[in-house]
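# Next comes the sequence, and after it the predicted model I'd like to discuss.
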Amino acid sequence: ESETSIIVDASKYIKKLKQKVEKINNETTSEQYYPTDPMVTAETLEKGFMIKVMSGKNEAGILVCVLEAFETLGLEVVEARVSCTDSFSLHAIGSSDDDDGVSMDAETVRQAVAEAVRTWSNSHGSKG
């Protein structure tokens with residue numbers, strides 16, 4: 001009897017988890033494909049930053065713009081994952097080689113990348 005109830009409880013729990021995963025996947029999909037302006041986020045890692053840029057449409061040249069912003073900030077791309085089939089998505093880890101005592105926070109990085117993307121979008125006649 002107790003084995004059966006454990007299995008039933010586990011089955012119900014797994015079903016709930018699957019529903020949560022599906023809900024999260026749906027939210028992520030809508031965030032990736034429907035923003036009108038590119039969305040930029042940055043978070044601090046132990047050594048560097050995780051930067052994410054997502055846009056509802058794939059715009060040629062946006063990757064170069066983001067990488068130029070990294071260079072301006074003195075960030076070296078350690079790892080990057082880019083998708084640009086229908087929409088544009090970049091997840092990159094950038095690390096700062098500067099040991100000159102100048103500290104940079106995630107918000108500074110986010111603002112610089114967002115500004116570069118905004119400037120690029122405006123100069124390329126993007127509607128948003």
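Perfect, thanks for sending it.

# Past the longest helix along the chain, which element shows up next along the chain?
Secondary structure of the chain per DSSP state H: the longest helix is helix 2-33. Heading C-terminal from helix 2-33, the first helix or strand you meet, by DSSP states H and E, is strand 39-45.

# ok, back up a step: could you give the angle of the longest helix of the chain to strand 39-45?
120 degrees (axes from the mean of the first three to the mean of the last three CA atoms, to 10 degrees).

# average model confidence for helix 2-33?
Mean pLDDT, helix 2-33: 83.

# which helices and strands sit right next to that helix?
Secondary-structure packing of helix 2-33 (3 or more CB pairs under 8 Å, 6 or more residues apart in numbering; DSSP states H and E): no helix or strand packs against it. (C-beta placed from N, C-alpha, C; glycine too.)

# what sits up against the helix or strand Lys52 falls within?
Under the criterion of DSSP H and E, Lys52 resides in strand 48-55. Under the criterion CB atoms under 8 Å, 6 or more residues apart in numbering, residues 31-32, 35, 37-43, 62, 66, 70, 75, 78, 87-96, 104, 106, 109-110, 113, 117 lie in contact with strand 48-55.

# I appreciate the help and will end here.
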